[in-house]
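Give me the fold of what follows.
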Amino acid sequence: MIKRASVLVGTLVLTLLLSACARGPARTDNDTHRETLAQNEKKPVSTAVVHNGQGNPRRVLIAYFTYPDNTDAQAIHSKEYDVMTSASLNVKDGEIIGNDAMIANEIARETGGDVFSILAEKPYSADYDAMIRDEKAAAARDEQRELKSHVGDMSRYDTVVLVYPIWWDALPAPVTSFLTENDFSGKALYAVASSGDSDFVDTVEDIAALEPDADVYEGFVLRHDEMGETSDAVRQWLRTANFMK
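Have a look, this model is predicted:
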């Protein structure tokens, strides 16, 4: 069941631009990001609790999928795209970090939730052009991917924020595998996405179809050219959606 507690990104961004206390580009802790990847491969993540204003604790998991985490190379290269300045990638302290990792880490900082990177068993090509070509073909075949990272005991969480990119108007295959692998019955499941120029398209409906016994909420979509407002967008969404109450 979809519960539309969403905030339109355009409204979010307008609010942020009018704010006199804009904080500028989001900051990502690279050490935390590396630890997240290492822990995901070794053991299930631990439980973090968010206490709301009414004293009802939430046990929150922020699960995200991003392309840079899913390559087996230190650098991503492309003949067609300048990936170091690509709208879907960010470079901080010499490390390429995907938009969705930035969003997930910011939500974790604000909520105290655990962070979990969805990792495919078979790495994506670090050749960006080849990745796009291969994934378009795989999407046309409705091909799914086996996962390398696993949460373990999903029952320890009552709230899950799923952060993902919109790929060709659909969910990336590893995100579909993550939803299929886990049982979200009775949980609050928030969809948060990054996109070049689209909204959620049908991805929230797809999530609800895969998890019919979860309460699925529309979160927000952050455009690639809005990534500098990540911190403020996350705080605004959490307030508007009453996530912390």
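
Quick one: list the elements packing against the strand or helix carrying Ala209.
For Ala209, the enclosing helix or strand under DSSP states H and E is helix 203-210. If you count contacts as 3 or more Cβ pairs under 8 Å, 6 or more residues apart in numbering; DSSP states H and E, helix 203-210 packs onto strand 2-3, helix 173-181, strand 188-195, strand 215-223. Any C-beta I mention is one placed from the backbone N, CA and C, and that applies to glycine too.

Which residue lies closest in space to Asn182, excluding its sequence neighbours?
Met154 (4.8 Å; Cβ to Cβ, 6 or more residues apart in numbering).

Any idea how many residues pack against that neighbour?
Met154: 17 surrounding residues under other Cβ atoms under 10 Å.

Repeat that for the one 10 residues further on.
Other residues near Tyr164 number 26, with proximity taken as other Cβ under 10 Å.

And for Pro212?
Other residues near Pro212 come to 10 when the count uses other Cβ under 10 Å.

I'd guessed it sits against Met1; true?
Yes - the pair Pro212 / Met1 is scored as a contact, 7.5 Å apart, by Cβ atoms under 8 Å.

Just grab the bridge partners of the nearest residue to Asn99 once chain neighbours are set aside for me.
Nearest residue to Asn99 in three dimensions, chain neighbours excluded: Ser194, at 4.2 Å (Cβ to Cβ, 6+ apart). Note on Ser194: beta-bridge partners by DSSP bridges are Pro165, Leu222.

Surely Ser194 and Leu222 touch.
Yes - under the criterion of Cβ under 8 Å, Ser194 makes contact with Leu222 at 5.4 Å.

mind listing the helices for the protein?
9-18, 30-42, 99-111, 128-140, 173-181, 203-210, 230-240 (DSSP state H).

who touches Ala108 in this structure?
Applying Cβ atoms under 8 Å, 6 or more residues apart in numbering to Ala108 gives the contacts 62, 114-115.

Now rank those by neighbours and give me the top one.
Neighbour-wise, the contacts of Ala108 (other Cβ under 10 Å) top out at Ile62, 29 neighbours.

quick one: contacts for the closest residue to Leu189 other than its chain neighbours?
Among residues not flanking Leu189 along the chain, Ala214 sits closest, at 4.5 Å (Cβ to Cβ, 6+ apart). Contact analysis of Ala214 by Cβ under 8 Å, 6+ apart lists 1, 184-189, 208.

go again using 10 Å as the cut-off
Applying Cβ atoms under 10 Å, 6 or more residues apart in numbering, we find Ala214 in contact with 1-2, 160, 179, 182-189, 207-208.

what about Asp202, distance to Lys187?
21 Å (Cβ to Cβ, to the nearest Å).

brain fart, Gln144
On the measure of Cβ to Cβ, Gln144 and Lys187 end up 22 Å apart.

Which one's more surrounded, the two?
Regarding Gln144 and Lys187, a neighbour count based on other Cβ under 10 Å identifies Lys187 as having more, with 21 against 13.

For the helices and strands packed on helix 203-210, give me JSON lines that also has mean neighbour count, distance to Asp232 and mean pLDDT.
Output for these, formatted as JSON lines (neighbours: other Cβ atoms under 10 Å; distance: least, Cβ to Cβ, whole Å; pLDDT from 0 to 100):
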{"stretch": "strand 2-3", "mean neighbour count": "15", "distance to Asp232": "24", "mean pLDDT": "79"}
{"stretch": "helix 173-181", "mean neighbour count": "20", "distance to Asp232": "25", "mean pLDDT": "96"}
{"stretch": "strand 188-195", "mean neighbour count": "24", "distance to Asp232": "15", "mean pLDDT": "96"}
{"stretch": "strand 215-223", "mean neighbour count": "23", "distance to Asp232": "11", "mean pLDDT": "96"}
